[in-house]
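> Would you be able to build a 3D model of this:
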Amino acid sequence: MSQSMLQQASNYAKKALQYDQARRYKEAINNYLNAATVLQKLITLEQSKEMRDLYYRKAREYLARATELKEIAKKPVSVDKTEGDESEDEIEAAIAETIIGEKPNIAWDDVAGLVVAKSALREAIILPMLRPDLFKGARKPWKGIMLFGPPGCGKTLIAKAVATEVDATFFNVSAAAIISKWLGESEKLVKELFDAAREKMPSLVFIDEVDSIATERSAGEHDALRRVKTQLMQAMDGVTSKAEDRIVVLGATNIPWDIDAAFRRRFEKRIYVPLPDLEARQAIFKIHTKGVEHAPEVNFEELAMLSEGYSGADIALICREAIMMPVRELDAAGALSDTSVQVRHVSKGDFTLAMEKIRPSVSPSELQRFDEWFAEFGAD
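Just a heads-up that it's a prediction; the model follows:
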């Protein structure tokens, strides 16, 4: 029974994609919804957790696309443009949204610690863009770089810092948005994206959560997703570019073990961004309490020692929680509206209490898995 239902869901999905590409939105919506409904029934019958998760992801994908098509169907169609012109305009608009015109206001010093990662990125990206004349022939620059490590450790932050350091066009690409929003035309969007990057060289194409597009390929994978992966790999491999092109693809992921082997090869530099060390944790405490008065007994070095195992994002949350406590006390006393009453300084106890409330978001077993993957595949 489950096999026949799976085939039914597959048939609905294929029809939905065909109608989607033909811009017959009403029929596409109905078939996406039918496919999602069948998959939801399959979830209740399936014994395997992996298959249930797969059905769930597919059902969400179809429901999301059906919702988007409902919004598209509401928009009036311009009589001055052909369907092809509208498609081109939509893709150009999508690419324009990925370009950050102004450099991110993140300085190199704003990224606490990560000395090894900074050094590797400087060598791989900043130096070749500053002195392209030195990186010719056998000394060619890296085309693909992947930052991996636990969540909240500064991968996105350090990518923005790189963009600040170099005089390059920064493309901030959401892999999930490419797949969900442009189902059926995703590979065209990828091609146009790299064409735009080539026109605006030197360019840095940053793909956050790259695992959402570069996962291992499988037999049951959606054909549209497979074509996107192929197009992206060709772009990264330089199949459609020249040797002198100055385009770097920088990806970030929290689950590097899910990356397809072919993509892993194309990310020539694989840089581990670990949890912050003692010195970095101390700096993070200072950064996230800047401009807030604290009591003399607050010792950032001591707090850094107590916060071993916390990520940078965890420490930022601790700081936000601690510096809010004096304000809460003022509010509880009914004196918040009285501007003559000054808020007390943040105390050591505030930070201690905040640490009791906020626990590390990364487990030791997860850290061990990152260390093992780095030992096997790291290349920084």
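> now Val173, what's its secondary structure?
State at Val173, reduced to three classes by DSSP: H, G, I helix; E, B strand; the rest coil: strand.
> Run through the bridge partners of it.
Beta-bridge partners for Val173, by DSSP bridges, are Ile207.
> and it, what does it touch?
Listed by Cβ atoms under 8 Å, 6 or more residues apart in numbering, the contact set of Val173 reads 98, 193, 205-208. Any C-beta I mention is one placed from the backbone N, CA and C, and that applies to glycine too.
> May I see these organised as a markdown table, with neighbour count, pLDDT and distance to Gln8 added?
Listed next are the contacts of Val173 as a markdown table, based on neighbours: other Cβ atoms under 10 Å; pLDDT from 0 to 100; distance: Cβ to Cβ, whole Å:
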| residue | neighbour count | pLDDT | distance to Gln8 |
| --- | --- | --- | --- |
| Thr98 | 21 | 50 | 37 |
| Leu193 | 23 | 79 | 36 |
| Val205 | 22 | 86 | 39 |
| Phe206 | 26 | 86 | 40 |
| Ile207 | 24 | 86 | 35 |
| Asp208 | 18 | 83 | 36 |
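> out of those residues, which one sits closest to Met129?
Relative to Met129, the closest of those is Val205; by Cβ to Cβ it sits at 13.2 Å.
> Could you say which helix or strand holds that closest one?
Assigned by DSSP states H and E, Val205 belongs to strand 203-208.
> Serialize the contacts of Val173 to CSV and add fields for distance to Asp53.
Shown next, in CSV, are the contacts of Val173 (distance: Cβ to Cβ, whole Å):
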residue, distance to Asp53
Thr98, 29
Leu193, 30
Val205, 30
Phe206, 28
Ile207, 23
Asp208, 22
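> And the furthest pair within those residues?
Leu193 and Asp208 (14.4 Å).
> For the most centrally placed residue in the chain, give me its contacts.
By Cα atoms, centre = their mean, the chain has its centre lying nearest to Asp208, at 2.5 Å. If you count contacts by Cβ under 8 Å, 6+ apart, Asp208 has them with 155-156, 159, 172-175, 251-252.
> And these, which is closest to Tyr55?
Distances from Tyr55 to these, taken by Cβ to Cβ, are shortest for Ala175, at 21.6 Å.
> could you pull out the strands for the stretch 51-200 of the chain?
Using DSSP state E, counting those that start in this stretch, the strands found in the stretch 51-200 of the chain span residues 99-100, 144-148, 169-174.
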